[in-house]
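[1] using only what follows, build the 3D model:
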Amino acid sequence: MLMRTDPFRELDALTRLTRQLAGSTARGTAMPIEAWRKDGEFVVEFDLPGVDPETIDVGVERNVLTVRAERHTHRPDEAELVADERAEGVFSRELILGDALDTGKIEANYEDGVLTLRVPVAEEAKPRKVAVQAAGAKKQINT
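    Have a look, this model is predicted:
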């Protein structure tokens, strides 16, 4: 249903190693997700705390879903930096969605720092019954 692609995964590992050597405890990706399928829809939640909703851009081309967002610091320029573990800048994430999803009906909602995308399963991909006719009798089977 969901195939994860991250061309920068190895670069992220190098970045985490560099941060560890430099003494920083920041870890993980700037846009972690949780995804599940239930009741005829596929749901993906992206953690985007501190992101201005106006900077969030969600797009779909064929079966590739792209989420882009920006997070900026609120620190005044003249402030002395004591600790900096919060990632800032432009973040982007691509997910390859299965053909069984109806990407034309995606719903997006941003609340409490979480972007939730709901993608319905396409009607043709939902389980259905097929009538089988046998010499004088009708029988239902699952497909």
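[2] now do the buried residues in stretch 54-67.
    Buried positions in stretch 54-67, judged by neighbour count with 16 or more other CB atoms under 10 Å: 56, 60, 65, 67. Where you see a C-beta, it was placed from the backbone N, CA and C, and this is true even at glycine.
[3] pull the most distant pair out of those.
    56 and 60 (14.2 Å; CB to CB).
[4] scan the helices and strands of this protein for the one with the lowest mean pLDDT.
    Lowest by mean pLDDT, DSSP states H and E among the helices and strands of the chain is helix 9-22, with a mean of 53.
[5] and whatever helix or strand comes next after that one, what does it pack against?
    Next along the chain after helix 9-22, taking DSSP states H and E as the criterion, comes strand 33-38. Contacts defined by 3 or more CB pairs under 8 Å, 6 or more residues apart in numbering; DSSP states H and E place strand 33-38 against strand 41-47, strand 89-97.
[6] buried sites along strand 33-38?
    Those would be residue 33, for strand 33-38 by 16+ other CB under 10 Å.
[7] quick one: low-confidence parts of this structure?
    Within the chain, the ranges that satisfy pLDDT under 70 run 1-29, 125-126, 136-143.
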